[in-house]
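Participant: My questions are about this predicted structure, shown below with the sequence.
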Amino acid sequence: MKKIPRWAFWTLGIVGVLVVVALILPYFLDVDRYRPQIISLVEKETGRKLTIGKIRARLFPRVALVVEEIALGHPAGFAEGNFLSAEAVRANLAWGPLFRREFQLSSIEIISPKLALLEDDRGRTSYDFTPPKKAGKAEASGSGFRLADIDYITLSDLELSFGRVAGARRTVVPSVRAWKIGGRLSDVALDEKRLKEWKADGDLSGITVEVPGLKGPVEFRSGEFTLREGAIDSKFEADLARAGRVKGSVRVANVEKALAEFELTAASLDLDKLMAEGPPGKAVPPPPAPQPRRSELVARGKLNVARLRWSPYEAGDARAEVRIFTDRVEVWPAQTALAGGSLGVSARIDRRQTPERFSANIEVRNLDVAKLLAYSPETRGKLSGTGELTLQVFGMFGPTFTNSLTGSGNLAIRDGRLPGFDLGSSMRSLAKVQQVLNLGGRGAGSGETPFRSITSDLKIGGGRLSSERINLDSPSGTVDLRGSFGFDGTLNYDGQANLTPGAEGASQSPVGVLAGAIGGITGRSIQQLSVPFAVRGTFSDPKIQPGRGIPSFRSAPAQQPADQTEEKKKSILDLFRKPRS
């Protein structure tokens, strides 16, 4: 057997000793004693408070440091709490670069980190790491060592939150929170000009996101994201608070410009299961209005939902284009098929005010009114026709949402019917004119009134929808109304029905009987009867009541010369007055 050369023997021996020393030395080398210096250096460079636990070192097979319980605070005077915290940070250094006076972090692993990204009313952010100004010339590192690029950074079980700082007490109000985030970032070049060299990969499955206003969290069932050559690509599938499952994609073509483009698609979405009802449980004083700042587009995309439900209503083929700016959100436009017609909405949410305000333009075309009202048992069968609507609405989010609504518009319903409402019979049944209108006629009917059109102006305010003029044009005559409809369903309308006897076509109709009776007394042909009335009650149970004033009539003029004008309208009381000689 050939002897091992003496040089090889000594080489192996030295290596063995070095290995043993590398394994044993960390137990005798107290790197934790440098903790105060590290804290002082970081606080000086960042202007933030740093707390760290025990520091341990390892020398084999590579230099490694483990820092326990690390927490980095928000900027001074910003808010209480931590910008970043973690159970532990493990860093590995390469041996070779140390001889070139470089700290080459081959890897960093951050265990259970928590990251809070906040913004205050003056536009400052907790993630702005602009170094504090120093008096005089910048100091050079006394050691001559520098930090080189990092091979990769691993995050496990990251909890990420977004929010704002509110009020004089600098209270943190969270807006979005996500947890169970993991991923790996590699080729981390510590030079902002080499940002496109970074690479990242991550699995989105298992991530949970909480968003204010939603009844439940967003849970990612599958998905992944990648970062290559400065571009981020992501595809995923997630459940939206049990309201439906959505498939989506997000792309950022250039991380240096950070403009995200997205597309979300869902087969079905139930808004009742998605949107939370009422204001948040804990009220927080609103912060002062934020200072004006430059408006920048940060994201834009498309939403597509095949079936949209908002009990009791259903719509299909819903589409919207969304643009998100630093100071506002725009939807231009959102369109959906609704009850045989179409609904279009253009909206804007202004984030520069607190609470956030919004505006919307609503347009409805070719709506089947009977089909729309059939969704609810309370309104089913109340009205039919083809509806058109234009409406502009303003308001603000929060507990006073309904009362904050203001706006105006116009409504038209054409070629429809009012089932269960016989215009002539209903006017005949009014208590104030019952003695006159009951002459020889039948009781109040349960028939219907066909109409050529119902037109109305609309005005929103004070929790009610009011109209200065509502006009119904039907074969039985016309109706003019003014009043309001409350968002609680209450009705408060006053109006006048102008009935045309000849239009009903039958001598035994309520209007025809009355016209015949009055015509027999006056010896004239009655052209129109006018009856004041009021509508009270609720939309599901309207009550027609006598109105202010007394009924009146208009008759055709007797045989007179052509230059004579038509006789003026007379009231029912004129029948009992002594004729002039």
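Facilitator: Nice, thanks for sending it over.
Participant: Next secondary structure after the helix or strand of the chain with the lowest mean pLDDT?
Facilitator: Sorting the helices and strands of the chain by mean pLDDT, DSSP states H and E puts helix 434-437 at the bottom, at a mean of 40. Downstream of helix 434-437, the next assigned helix or strand under DSSP states H and E is strand 448-461.
Participant: Packing partners of that next one?
Facilitator: strand 406-419, strand 464-474 (3 or more CB pairs under 8 Å, 6 or more residues apart in numbering; DSSP states H and E). No exception for glycine: its C-beta is placed from N, CA and C like everyone else's.
Participant: What strands line up against that strand, and which way round?
Facilitator: Strand 448-461 has these partner strands in its sheet, going by DSSP bridges: strand 406-419 (antiparallel), strand 464-474 (antiparallel).
Participant: how many neighbours does K193 have?
Facilitator: 8 (other CB atoms under 10 Å).
Participant: For it, which three-state class applies?
Facilitator: Recorded secondary structure, K193: helix (DSSP: H, G, I helix; E, B strand; the rest coil).
Participant: re earlier: mind putting the strands paired with strand 448-461 into JSON lines with distance to D457 and mean pLDDT?
Facilitator: As requested, the strands paired with strand 448-461 are exported to JSON lines (distance: least, CB to CB, whole Å; pLDDT from 0 to 100):
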{"stretch": "strand 406-419", "distance to D457": "6", "mean pLDDT": "92"}
{"stretch": "strand 464-474", "distance to D457": "5", "mean pLDDT": "92"}
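Participant: Which among these is found nearest to P174?
Facilitator: Nearest of the strands paired with strand 448-461 to P174, taken as CB to CB: strand 406-419 at 30.6 Å.
Participant: quick one: buried residues of the closest one?
Facilitator: G407, G409, L411, I413, G416, R417, L418, P419 (16 or more other CB atoms under 10 Å).
Participant: What is the nearest of those residues to L472?
Facilitator: With CB to CB as the yardstick, the closest approach to L472 among the buried residues of strand 406-419 comes from L418, at 8.3 Å.
Participant: With distance to L160 as added columns, please give the helices and strands packed on strand 448-461 in CSV.
Facilitator: CSV is the format used below for the helices and strands packed on strand 448-461 (distance: least, CB to CB, whole Å):
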stretch, distance to L160
strand 406-419, 38
strand 464-474, 43
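Participant: Out of the ones you listed, which is closest to E159?
Facilitator: Taking the helices and strands packed on strand 448-461 one by one with CB to CB, strand 406-419 is closest: 40.6 Å.
Participant: residues making contact with that closest one?
Facilitator: For strand 406-419, contacts defined as CB atoms under 8 Å, 6 or more residues apart in numbering pick out 362, 369-370, 381-395, 448-461.
Participant: are any of these buried, and which?
Facilitator: So, by 16+ other CB under 10 Å, the buried ones in the contacts of strand 406-419 are 362, 369-370, 382-393, 395, 448-449, 451, 453-456, 458, 460.
Participant: In JSON lines: the buried residues of strand 406-419, plus distance to T265.
Facilitator: Shown next, in JSON lines, are the buried residues of strand 406-419 (distance: CB to CB, whole Å):
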{"residue": "G407", "distance to T265": "31"}
{"residue": "G409", "distance to T265": "32"}
{"residue": "L411", "distance to T265": "33"}
{"residue": "I413", "distance to T265": "34"}
{"residue": "G416", "distance to T265": "36"}
{"residue": "R417", "distance to T265": "40"}
{"residue": "L418", "distance to T265": "41"}
{"residue": "P419", "distance to T265": "40"}
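Participant: tell me which of the residues you listed is nearest to A231?
Facilitator: For the buried residues of strand 406-419, the nearest to A231 is G407 (42.7 Å; CB to CB).
Participant: ranges for the helices of this structure?
Facilitator: Taking DSSP state H to define them, one finds helices in the chain at 6-28, 35-46, 95-98, 271-274, 369-373, 401-404, 423-428, 434-437, 501-504, 510-522.
Participant: Mind telling me which of the ones you listed the model trusts least?
Facilitator: Lowest mean pLDDT within the helices of the chain: helix 434-437, a mean of 40.
Participant: what residue ranges in the stretch 101-250 of the chain score low on pLDDT?
Facilitator: Applying pLDDT under 70 to the stretch 101-250 of the chain flags the ranges 101-105, 129-149, 166-170, 190-192, 213.
Participant: at 80 what do you get?
Facilitator: 101-106, 119-150, 164-175, 188-195, 212-214 (pLDDT under 80).
Participant: Can you spell out which residues form a bridge with E224?
Facilitator: D203, K235.
Participant: Just give me the neighbour total for it.
Facilitator: 14.
Participant: go on, I153?
Facilitator: Neighbour number of I153 under other CB under 10 Å is 18.
Participant: gap between L204 and E448?
Facilitator: 57 Å (CB to CB, to the nearest Å).
Participant: try D233
Facilitator: In terms of CB to CB, D233 sits 60 Å off from E448.
Participant: where does E80 fall, phi/psi-wise?
Facilitator: With angles defined as degrees, to the nearest 10, E80 sits at phi -70, psi 160.
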